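Student: What shape does this take:
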Amino acid sequence: MTVSAVTVEIIKGALRSAQAECEALLERTAMSPVIREKQDYFIGFYGADGRLVTGTKLPLFGDVLRPILDRFPAEEIRPGDIFWYNDCYASRGGVSHTSDQVFATPVFVEGQLVAFAQSWAHFRDIGGAWPGSNTPGTESIFQEGIIVPPVRLYREGVLNTDLFETFVRNSRFPQHARGDTRALTAAVRLGEKRLAELFARFGTDVLLGAVETMIDQSSRVFRRRLTELFPPGGSWRFADRVDGDGKGGGPFTVRFTLESREDGFTLDTTESDAQAKGPINFLMNPTVPNTVFGLYLLRDEPGLMMNEGLLRAIADVRTKDGTIIQPAFPAPLGQRSNTLARVISSCLGLIAQATEGESPAASSIYTIYTLTGRQPSDGSLFYKSGGHGTGQGARPFADGLDVIYYVAQQNYPIEFLETDMPVRIRTYAIRADSGGPGRWRGGCGMIREMEVLVDGATLNTRMDNVDNPPWGVKGGESGRPGRFVLNPGTPGERELPRLAQGIPMQRGDVVRMESTGGGGWGHPFEREPWRVRQDLRGGFITEDGARADYGVVFRAGPDREVDEEATAKLRAQRSDNTAMFHRHGVHRDADAWWEAMAG
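Tutor: Residues are numbered from 1 along each chain as shown. The predicted structure follows:
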């Protein structure tokens, strides 16, 4: 049915409102801090055929609903059913590590299956070899917790108690597993209710017609802009590296080649390195690079929905079994975000070549450290998991964002940590000079110091982009790498491994995390001195960094006024090497970059 433009926009707003309401319900009713504090979840609405109607802007997931439809024919689906899975391999990357749980429920109108409401969230612990279920020490997905294939958790509103209790029994924090499952269930039920109300309000034909229009809008704009960005007849290639897998392997290289033809696109990833022994493997669904390009190309189109129209423009995404981005079962996947970040940066590298550098610089993946031990009050197990922000790549029009934890997730509030865990946060600050210097500065990382207040705890660490920091673009420099330090400023100070498990901790030990900054954009000496002064006063750079990186000199005194004459003299000595990409102190054009990184 042809639906008026006004009606389509009203339905868009109603869908977004319903999605936000379901998200709020999930966040406020979940038990574990991973969901209610860190906000590691999303809600999506799908058509009866499994196509995405509205979802979240996370370039991480695959075709989430398809595994359920492949397992359960439409004629066997009933009102009140709730489906569930976390099986990465069976879903072909629908979810990318086992901690992520997918729930979905059908929506019926007058006996006709018309839609699905879906909820997804990261669970705190689902069993496996170590607390947290996705720790750096794993060498098999069987060590990363219970694997749930697509199953029916509720049958016509009746809970499969045996299945549910088996799952809960596998968790070290059963109250959280139980509560989070109920929260996800409540979220999809609310989504079912709100979608049913919309069908009743607008009518089935009008609503489904509006959905077709929304998907077509996103698809047409995305395909047109993708063709403009990568004209037919062209070919582009890019490679980037993951530092290591924590098992002695690495670096691991992701290699992308994009070919544009009159009849479509091919993205070939088959030259990527073989899978890792450690858990950095990323089971990349073909929708992932499509989402990355779609988010970039539709960044100035707030009226377009995040839907199926962004997932299929590059229909021919070639992968090879046994590689770092298409590992063979049962390779571990728990730390897959390290490789996901390089998938994203490789897509940005292709964009940078196609636009002559008018694209964002690379960003660092978020940093994690976890602490496990026994509560001094009652001896119960505690598991402190902290994902922390890093610097994001600078853009052609603005600085990179400082201390961002992957799109929209959040760090745990310090007050929560110190109340619930035997730790004390001693420092939480911007890490000066960590952002890649540039006309637009890369985002800064952070410094966080945690004091352990209990004996016998163990620490796990995860940090990437140290040996291979986020690249700068068009004259900008790469971000500055981070590190973990134990007991800084003491005779026992030592640097900790960046991807490791089971580091022993005792009462009074202090762990200092310095996270990586994002890449810079444009030549640093083109940054206005007043911006450099502003960065100095804000603590984003130091005076030494201003001189060395930006060629800006300040007069003595509390106001730190720019010394115009000394700055002009220093900047006159600038190097004009502005080749496309920068890392390891070297600027390289696209071909030289490929030889250095892909070789």
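Student: Tell me if residue 370 really is in a strand.
Tutor: Yes - per DSSP: H, G, I helix; E, B strand; the rest coil, residue 370 lies within a strand segment.
Student: Against residue 458, how distant is it?
Tutor: 9 Å (Cβ to Cβ, to the nearest Å). The C-beta positions use only the backbone N, C-alpha and C, and glycine is treated the same way.
Student: Could you give the number of residues near residue 277?
Tutor: 18 (other Cβ atoms under 10 Å).
Student: For the stretch 51-200 of the chain, just list every one of the helices.
Tutor: With DSSP state H, counting those that start in this stretch as the criterion, the stretch 51-200 of the chain has helices at 66-71, 161-169, 174-202.
Student: From the contact counts, what lies against the very next helix or strand once past the longest one?
Tutor: As assigned by DSSP states H and E, the chain's next helix or strand after helix 174-202 is helix 204-229. For helix 204-229, the elements it packs on are helix 5-29, strand 52-54, strand 112-122, helix 174-202, helix 287-297, judged by 3 or more Cβ pairs under 8 Å, 6 or more residues apart in numbering; DSSP states H and E.
Student: Report the inter-axis angle for the fourth one versus helix 5-29.
Tutor: Using axes from the mean of the first three to the mean of the last three Cα atoms, to 10 degrees, the direction of helix 174-202 lies 160 degrees away from that of helix 5-29.
Student: packing partners for helix 174-202?
Tutor: Packing partners of helix 174-202 (3+ Cβ pairs under 8 Å, 6+ apart): helix 5-29, strand 41-47, strand 82-85, strand 100-109, strand 112-122, strand 151-155, helix 161-169, helix 204-229.
Student: can you redo the ones you listed as TSV with distance to residue 401, mean pLDDT and mean neighbour count?
Tutor: Shown next, in TSV, are those (distance: least, Cβ to Cβ, whole Å; pLDDT from 0 to 100; neighbours: other Cβ atoms under 10 Å):
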stretch	distance to residue 401	mean pLDDT	mean neighbour count
helix 5-29	22	96	17
strand 41-47	20	94	24
strand 82-85	33	98	24
strand 100-109	25	97	23
strand 112-122	22	96	23
strand 151-155	38	98	18
helix 161-169	37	97	14
helix 204-229	23	96	18
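Student: Minimum distance to residue 474: which of these has it?
Tutor: Among the helices and strands packed on helix 174-202, the nearest to residue 474 by Cβ to Cβ is helix 204-229 (16.4 Å).
Student: got a list of contacts for the helix or strand just after the closest one?
Tutor: Elements were assigned by DSSP H and E; along the chain past helix 204-229, the next helix or strand is strand 235-242. Contacts with strand 235-242, where a contact means Cβ atoms under 8 Å, 6 or more residues apart in numbering, come from 230, 250-260, 280, 324, 338-339, 342, 345-346, 349-350, 353-354, 362, 464, 467-468, 471, 590, 593-594, 597-598.
Student: In helices, which of the residues you listed appear?
Tutor: 338-339, 342, 345-346, 349-350, 353-354, 590, 593-594, 597-598 (DSSP state H).
Student: which of these has the most neighbours?
Tutor: residue 342 (32 neighbours).
Student: How about the contacts made by that residue?
Tutor: With contact set as Cβ under 8 Å, 6+ apart, residue 342 has these partners: 240, 241, 242, 254.
Student: redo that, cut-off 6 Å
Tutor: 240, 242, 254 (Cβ atoms under 6 Å, 6 or more residues apart in numbering).
Student: Give me the distance between the last one and residue 365.
Tutor: Separation of residue 254 from residue 365 (Cβ to Cβ): 13 Å.
Student: give me the number of residues near residue 148?
Tutor: Residue 148: 20 neighbours (other Cβ under 10 Å).
Student: so it makes contact with residue 88?
Tutor: No - in this structure, residue 148 is not within contact of residue 88 by Cβ atoms under 6 Å, at 10.6 Å.
Student: still on that earlier bit, for the helices and strands packed on helix 204-229, could you give me TSV that also reports distance to residue 567?
Tutor: Putting the helices and strands packed on helix 204-229 into TSV (distance: least, Cβ to Cβ, whole Å) gives the following:
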stretch	distance to residue 567
helix 5-29	48
strand 52-54	50
strand 112-122	48
helix 174-202	55
helix 287-297	35
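Student: Regarding the nearest residue to residue 459 once chain neighbours are set aside, what is its secondary structure?
Tutor: Excluding the flanking residues, the one nearest residue 459 by Cβ to Cβ, 6 or more residues apart in numbering is residue 503, at 4.3 Å. What three-state DSSP gives for residue 503 is strand.
Student: ok, back up a step: now the contacts of residue 342 as a markdown table including neighbour count, distance to residue 542 and pLDDT?
Tutor: Conversion of those to a markdown table gives the following (neighbours: other Cβ atoms under 10 Å; distance: Cβ to Cβ, whole Å; pLDDT from 0 to 100):
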| residue | neighbour count | distance to residue 542 | pLDDT |
| --- | --- | --- | --- |
| 240 | 30 | 29 | 98 |
| 242 | 30 | 30 | 97 |
| 254 | 29 | 34 | 98 |
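Student: Next, the buried residues of the helix or strand in which residue 544 is found.
Tutor: Using DSSP H and E, residue 544 sits within helix 543-550. Buried residues in helix 543-550, counted by 16 or more other Cβ atoms under 10 Å: 545, 546, 547, 549, 550.
Student: elements contacting it?
Tutor: Here helix 543-550 touches helix 529-538, going by 3 or more Cβ pairs under 6 Å, 6 or more residues apart in numbering; DSSP states H and E.
Student: Sort out which residues of the helix it packs on are buried, please.
Tutor: 529, 532, 533, 535, 536.
Student: Including distance to residue 129, could those residues go into JSON lines?
Tutor: Formatted as JSON lines, the buried residues of helix 529-538 follow (distance: Cβ to Cβ, whole Å):
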{"residue": "529", "distance to residue 129": "54"}
{"residue": "532", "distance to residue 129": "49"}
{"residue": "533", "distance to residue 129": "52"}
{"residue": "535", "distance to residue 129": "45"}
{"residue": "536", "distance to residue 129": "48"}
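Student: what's the closest of these to residue 383?
Tutor: Residue 383 lies nearest to residue 535 out of the buried residues of helix 529-538, by Cβ to Cβ, at 37.5 Å.
Student: What pLDDT is listed against that closest one?
Tutor: According to the prediction, residue 535 has pLDDT 97.
Student: How much space separates the nearest residue to it once chain neighbours are set aside from residue 434?
Tutor: Of all residues not flanking residue 535 in the chain, residue 541 sits nearest, at 4.6 Å (Cβ to Cβ, 6+ apart). Per Cβ to Cβ, residue 541 is found 9 Å from residue 434.
Student: the more surrounded of those two?
Tutor: Counting neighbours by other Cβ under 10 Å for residue 541 and for residue 434 shows that residue 434 has the greater number, 30 against 27.
Student: Residue 440: what's it in contact with?
Tutor: 394, 398, 399, 521, 522.
Student: which residue sits closest to it, ignoring its sequence neighbours?
Tutor: residue 394 (4.0 Å).
Student: what's the answer for residue 365, then?
Tutor: Spatial nearest neighbour of residue 365, chain neighbours left out: residue 341 (3.7 Å); criterion: Cβ to Cβ, 6+ apart.
Student: so that neighbour touches residue 363, yeah?
Tutor: No - counting by Cβ under 6 Å, residue 341 sits too far from residue 363 to count as a contact (7.1 Å).
Student: For these two, indicate the residue with more neighbours.
Tutor: residue 363 (29 against 24).
Student: list the buried ones in stretch 118-135?
Tutor: 118-128, 130-135.
Student: Now render the contacts of residue 342 as TSV, adding distance to residue 193.
Tutor: Converted to TSV, the contacts of residue 342 look like this (distance: Cβ to Cβ, whole Å):
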residue	distance to residue 193
240	44
242	43
254	42
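Student: quick check, nearest of the residues you listed to residue 100?
Tutor: Using Cβ to Cβ, the contacts of residue 342 come closest to residue 100 at residue 242, 20.3 Å.
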